[in-house]
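In: Just the structure for this:
(4 chains)
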There are 4 protein chains.
Amino acid sequence: MCAMQKNTTPCYYSEYLDLTRFLDAQNPVSGQYQEEEAHDEMLFIIVHQAYELWFKQILHELRSIIDIFNEDSVDEKYHGKIIQRLDRIIKIQKVLNDQITILETMTPLDFLDFRDYLIPASGFQSIQFKEIEILLGLTMKYRINFDKKSFYNRLNDKDRKYLLNLEEQPNLFNLIESWLERMPFLERKNFSFVQAYQSALDQMVTRDLEIVKHVDYLSEDEREFQINDLKNTRAGFDALFEQKVYDKLQSEGKLRMSRKSILGAIFINLYRDEPAFQQPYHILKKLTEVDELFTQWRHRHTVMVHRMIGAKIGTGGSSGHDYLSKTTQNNRFFRELFNLSTYLIPRSELPQLPEELERDMGFSV
Amino acid sequence: MCAMQKNTTPCYYSEYLDLTRFLDAQNPVSGQYQEEEAHDEMLFIIVHQAYELWFKQILHELRSIIDIFNEDSVDEKYHGKIIQRLDRIIKIQKVLNDQITILETMTPLDFLDFRDYLIPASGFQSIQFKEIEILLGLTMKYRINFDKKSFYNRLNDKDRKYLLNLEEQPNLFNLIESWLERMPFLERKNFSFVQAYQSALDQMVTRDLEIVKHVDYLSEDEREFQINDLKNTRAGFDALFEQKVYDKLQSEGKLRMSRKSILGAIFINLYRDEPAFQQPYHILKKLTEVDELFTQWRHRHTVMVHRMIGAKIGTGGSSGHDYLSKTTQNNRFFRELFNLSTYLIPRSELPQLPEELERDMGFSV
Amino acid sequence: MCAMQKNTTPCYYSEYLDLTRFLDAQNPVSGQYQEEEAHDEMLFIIVHQAYELWFKQILHELRSIIDIFNEDSVDEKYHGKIIQRLDRIIKIQKVLNDQITILETMTPLDFLDFRDYLIPASGFQSIQFKEIEILLGLTMKYRINFDKKSFYNRLNDKDRKYLLNLEEQPNLFNLIESWLERMPFLERKNFSFVQAYQSALDQMVTRDLEIVKHVDYLSEDEREFQINDLKNTRAGFDALFEQKVYDKLQSEGKLRMSRKSILGAIFINLYRDEPAFQQPYHILKKLTEVDELFTQWRHRHTVMVHRMIGAKIGTGGSSGHDYLSKTTQNNRFFRELFNLSTYLIPRSELPQLPEELERDMGFSV
Amino acid sequence: MCAMQKNTTPCYYSEYLDLTRFLDAQNPVSGQYQEEEAHDEMLFIIVHQAYELWFKQILHELRSIIDIFNEDSVDEKYHGKIIQRLDRIIKIQKVLNDQITILETMTPLDFLDFRDYLIPASGFQSIQFKEIEILLGLTMKYRINFDKKSFYNRLNDKDRKYLLNLEEQPNLFNLIESWLERMPFLERKNFSFVQAYQSALDQMVTRDLEIVKHVDYLSEDEREFQINDLKNTRAGFDALFEQKVYDKLQSEGKLRMSRKSILGAIFINLYRDEPAFQQPYHILKKLTEVDELFTQWRHRHTVMVHRMIGAKIGTGGSSGHDYLSKTTQNNRFFRELFNLSTYLIPRSELPQLPEELERDMGFSV
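Out: Prediction:
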């Protein structure tokens, strides 16, 4: 449509954007069933189309990031690009969250003017959103029950098959896991990060326990509570150091990411100032932000749906609020990264890296 | 300090704002206990002070709104002022929510550099925030257990007494309740809103039930689920029409606002286009927004604290995350307003108001 | 496509939204001219399509508001609806402004990868945006020169004609002007707002002048500057009271809105607490906000374009930055409302309204 | 105040934050001069104090960044920290911008209730804001005339001296300039970036000129306009390659940053994917963002002041709007970085770096 400079046909804005077709795709149905079209149905359509448009862009970025990680090793030259594209996804997510404020200008009473015509369609049926979830790593196995049944049952065959096939492809969760496992500095001839970290950690937990046992501003109840809490914390750490403990937690669904990759992520977080880790650290940070913003989106969406339909059945024929409330809690992708601070100890107690290792983490000149 | 125009001493910006004192109140303590002050402690102090500053402004607005409502009748002349001030609170709340993004630039590792010196102080101890909660109507009786014990036990006597005394004063929840109960148009000689509404409602629920029973795209499981859902919905409505049902739900803590005031709020929502209801409708809407933004704030705060401290004990010596997670769910002030759409029916099925009533809801000229 | 409940065909989300067509309209061209498609061209297309989608919604709201005002008198029952829809436009505008942050993730270097293929298309050619401007009241006569020539010359005949025809239809500026002129309380048997206001004003300006002449903290330069400033202020007021002065300013393009409608707007602002004025006041406020947000959008857009293309020629073949910089300053729709505070005097000096008038501005009961 | 863990005195939230003093510093004056305190004066004080609080935090970050750059060479280990702290400043600036929405809930009429008592104090007199400007590099020499006279004249001696002394200290502009000049890869034995770039550039400009001369969709006016534009662009580039041209532009105040440092910044932008440049690239990007957000803040502030006071004299006794309008345009700190895209050419035309150089820009392992 649009022409190269050397060509004689200049590019025309509305043709380049295919606006004739694009702006013809908003067609309210309420006018077919009642005297007057419900004024707000247009908003309902447009806000959902805007979501789909941005989902398409997120998928465009996500696929390009997956392509970069889907190699035996990731050249550092691509770190900047990965961060830029994750950042773009984040910026889009923020706009998605803000878009809810637009939908909120439609009151429950306005929605009632056309809600019945949409049954059982609902925002939960966005194929592209499921694609995003799958590409990020939320495969069927990790979905909550409601999600498995309700969503997939209601899709037509073509859509369902498409999504199920997608699960066979590499997803970002798995690729990040492998990338972290390959982290080159974890084990060296004369240095094992895991061992060094475990001993530093033990010193710290022991000390904290002493304090809680002896400070006098705690009531006995609170002291007991905190001692238990510390012991639980310690138990959590055990998962890092003992494969058996890790395996048990993983089999219970409490951990997903491999032990080695969690250790890689911790290492990067603790030594994020080393030149070789500055960009990997940002990659992990951006991933957590992507995750968090989807959680925020689900949360705000839940509240909005609740405010819109109250305790009645949702447009999807189910109690939308309950559903969303559960997914908000459970559909986090990179849970281990979100919880990473559980495993951090203060900088002042960090093991000193061997000089040779530090040198290797810097630039050649 | 600052002088009237007629005076010879002009007003000096930094004196007017008392900046010498104001900017002398940020004093990190980490420098006293370790070689170098933790760089991010300043941020921690300033972000919390910024919260307190805005809390003070919220209280300033809240008290003025309470004063307006704390009269036998509220002159319509004040409606604009009430809305303006609620709107100001909302704008402040949005900034409070955004401020979290600033605190998020402090990483868990940075926080570990000075976290130990603050034990057991924590953001949960803001007296002003509790004041806001109490003035909005969250008195002790409605707090979750954790909140009752943990927060109040840790206050000093003076602060605790101050807050407990505050509970005796009129709060916005109670005043709004009375204001809604006094709504002048609910009962007229020839028109009872409650009766008219109940009969309109019954028609609608009956119809919806028919549809769910006969549409063929539902599996039997889903059909049953939805029939139950509709029956529950209906049961919820019963609370509006049968005092006994209402009383039971209230005694179980499922409803707080009086039956009459809920009916008043529904009436306003349904007939919000009548001149006399346009401003009251906005007042209710703003109240819900204030409520929602505090919920959002608690939610984002929870996530931030979780990201900061993981599963470890919070600065308050308790599992901050658990605590906040519970308050996020339960400390909503105007729950009945938030759930109001449960009780709305489509405009097309609304009872027609008597002509004389409509006239009374308009302007004199 | 989507079916009524009674019907047997349920509504399918992706069909309801026409997603097959909608999501097929994003077609980058760079892949046709170089080995690899420029990754960021998709973003460029999608961000502009998202603008167009929201422009369509703004037009939907704008037209419905124009329909309401396009009557001999506007029933107060519609005030709530007008405010709700203006508010929706505002919420959309905020998202439009935020969307710029997404486009900003494309760096100048990324843009250079496909920029040449778009020449001379540019964002300045959005027909829908021009429609919005025209419906708000920015007809050809009020555009800056660059806008007149450059934009319209580059359109094809059909588009140009469409826009020129649109100028013949009623626009919001003119309708608001008439609505303000019809304001019923300006002139009464025993009260003329204009006269009362003029005399109150004269007292105030005289007093301010005295102060500036005698305070001793001003240098002579500053004093002179301020005295001139006050005199200019006064001259500005003259336009309100003397038709000749007003006519001169209007003929010079410094004022657009009629003298009577400006007085109406002032009256509403000063007595906004009277029940009859609370909603009209909000309508004026929202209009100013719409105006301001378009100004912000143009400003941020300018800066973004500048950052993207530097001092080079824009995609539209012109110095985009210069162009936008000018429109930012000059394309405000309701300039008189924006400047209204120029004409306000403190509440303490407001003329007291006659009792009978106050009564008429309240509710019947 | 707050105690170490080993200590017996626990830390008390309100003492740690010095709230007694902090929350005692908001003292409206209007109550002294009129019967009732103006309700909104509290807001006016608090919003300005909130600004000052955040200014203090910005200064805290800025000084620490200056300390890092104020060395003969900047260790790459600090890059992450610099970016984190610039990012924090950015997050604060966004909140500062959002805070304006709070102040906007005060209407012009509300402001008139106490405005006269503040004369001639004004927000333009914030010492801390001037400190920020000076530390970023806006020394007296680069201020617009109005700024020089009006602001400094109105300060008391102590404040004026303090700010003038500050100008003698190293500022970020100068330090960034030196850092860019030291960029190690600009000149190598067998490679001069400047020469390679100039020849690549000449090819491109020549080609663009050919296109503009021959495409047939341009009117003769537009063609001439664009040819001139291209020639101006070229002339701009001359400043990069010919010291004389550069010197002339600098002496005319059109360029500030040294030629060598501009070249360094261009180099970093073009080869930002090389590991050694990824972080420096982000540093430059963040600096531009800081700059842009202050510009946005000034712009929104201008509009807000205009809306508040109209064409009348500002609280500072001057036409605040004119003043701000000028500073908005002219007080950009890193103008050359903002304009950098002027000097960029498409990736496809970039000179290939020598292999040895590429290797040196990677990690040692």
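
In: Tell me which helix or strand comes right after the lowest-mean-pLDDT helix or strand in chain A.
Out: Taking mean pLDDT, DSSP states H and E as the measure, chain A has helix A:320-330 as its least confident helix or strand, at a mean of 55. Going down the chain from helix A:320-330, the next helix or strand is helix A:335-338, by DSSP states H and E.

In: following that following helix, which helix or strand comes up?
Out: Downstream of helix A:335-338, the first helix or strand assigned by DSSP H and E is helix A:355-360.

In: Now do the buried residues in that following helix.
Out: For helix A:355-360, burial by neighbour count (16 or more other CB atoms under 10 Å in any protein chain shown) applies to A:Leu357, A:Glu358, A:Asp360. C-beta: built from backbone N, CA, C; applies to glycine.

In: Which of the residues you listed sits closest to chain B?
Out: The nearest member of these to chain B, counting by CB to the nearest CB, is A:Glu358 at 17.9 Å.

In: Assess the claim that the closest one and A:Pro275 are in contact.
Out: No: with contact defined as CB atoms under 8 Å, A:Glu358 does not reach A:Pro275; the gap is 9.8 Å.

In: Can you pull the residues that touch both of the two?
Out: Residues touching both A:Glu358 and A:Pro275 (CB atoms under 8 Å, 6 or more residues apart in numbering or on different chains): none.

In: List the residues that contact A:Lys81.
Out: A:Ile68, D:Asp273.

In: That one falls within a helix, correct?
Out: Yes: when DSSP: H, G, I helix; E, B strand; the rest coil is applied, A:Lys81 is found to be in a helix.

In: quick one: it and D:Leu270, what's the gap?
Out: To D:Leu270, A:Lys81 is 15 Å away according to CB to CB, to the nearest Å.

In: Could you point out which residue ranges in chain A have low pLDDT?
Out: Residues of chain A that meet the criterion pLDDT under 70 lie in A:1-10, A:119-124, A:146-147, A:149-150, A:311-330, A:364-365.

In: Chain C contacts on the stretch 51-200 of chain A?
Out: A:52-54, A:56-57, A:60, A:64, A:84, A:87-88, A:91-92, A:94-95, A:98-99, A:101-102, A:104-105, A:107, A:116-123, A:125-128, A:156, A:159 (CB under 8 Å from any CB of the partner chain).

In: from these, which would you call buried?
Out: Taking 16+ other CB under 10 Å as the criterion, what is buried in these is A:52-54, A:56-57, A:60, A:84, A:87-88, A:91-92, A:94-95, A:98-99, A:101-102, A:104-105, A:107, A:116-123, A:125-128, A:159.

In: ok, A:Lys130 - how many residues close by?
Out: If you count neighbours by other CB atoms under 10 Å in any protein chain shown, A:Lys130 ends up with 23.

In: so it makes contact with A:Arg154?
Out: No: counting by CB under 8 Å, A:Lys130 sits too far from A:Arg154 to count as a contact (11.8 Å).

In: tell me which element the residue positioned nearest the centre of chain A is part of?
Out: The centre of chain A sits closest to A:Asp291, judged by CA atoms, centre = their mean, with a distance of 2.3 Å. Using DSSP H and E, A:Asp291 falls within helix A:275-309.

In: is chain C contacted by that helix?
Out: No: judged by CB under 8 Å from any CB, helix A:275-309 stays clear of chain C, getting no closer than 11.9 Å.

In: and that helix with helix D:275-309, angle?
Out: Between helix A:275-309 and helix D:275-309, the angle comes out at 40 degrees (axes from the mean of the first three to the mean of the last three CA atoms, to 10 degrees).

In: Is helix A:275-309 in proximity to chain B?
Out: Yes: Helix A:275-309 reaches chain B (CB under 8 Å from any CB) through A:Thr288, A:Glu292, A:Thr295, A:Gln296, A:His299, A:Arg300, A:Val303, A:His306, A:Arg307, A:Met308, A:Ile309.

In: List the buried residues for that helix?
Out: Those buried within helix A:275-309 under the rule 16+ other CB under 10 Å are A:275-309.

In: same check, this time on stretch A:125-145
Out: Within stretch A:125-145, the residues scored as buried using 16+ other CB under 10 Å are A:125-139, A:142-143.

In: Strands of the stretch 101-250 of chain A, residue ranges please.
Out: With strands called from DSSP state E, counting those that start in this stretch, the stretch 101-250 of chain A shows them at A:187-188, A:191-192.

In: among those, which is nearest chain B?
Out: strand A:191-192 (20.6 Å).

In: Which other helices and strands does the closest one contact?
Out: Contact partners of strand A:191-192 among helices and strands, from 3 or more CB pairs under 8 Å, 6 or more residues apart in numbering or on different chains; DSSP states H and E: none.

In: Residues in contact with that strand: which ones?
Out: With contact meaning CB under 8 Å, 6+ apart, strand A:191-192 is reached by A:Leu186, A:Leu353, A:Pro354, A:Leu357.

In: sorry, back to before: Throw the strands of the stretch 101-250 of chain A into a markdown table and include mean neighbour count, thanks.
Out: Shown next, in a markdown table, are these (neighbours: other CB atoms under 10 Å in any protein chain shown):
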| stretch | mean neighbour count |
| --- | --- |
| strand A:187-188 | 14 |
| strand A:191-192 | 14 |
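
In: what secondary structure does A:Glu61 sit in?
Out: Following three-state DSSP, A:Glu61 is assigned to helix.

In: Leaving out chain neighbours, which residue sits closest to it?
Out: Using CB to CB, 6 or more residues apart in numbering or on different chains and skipping residues adjacent in sequence, the residue nearest A:Glu61 is A:Arg85, 4.5 Å away.

In: got a list of what that neighbour touches?
Out: The contact partners of A:Arg85, taken as CB under 8 Å, 6+ apart, are A:Glu61, A:Ser64, A:Ile65.

In: And A:Gln279, by the same measure?
Out: Contacts of A:Gln279 (CB under 8 Å, 6+ apart): A:Glu76, A:His79, A:Gly80, A:Ile83, D:Pro275, D:Gln278, D:Gln279.
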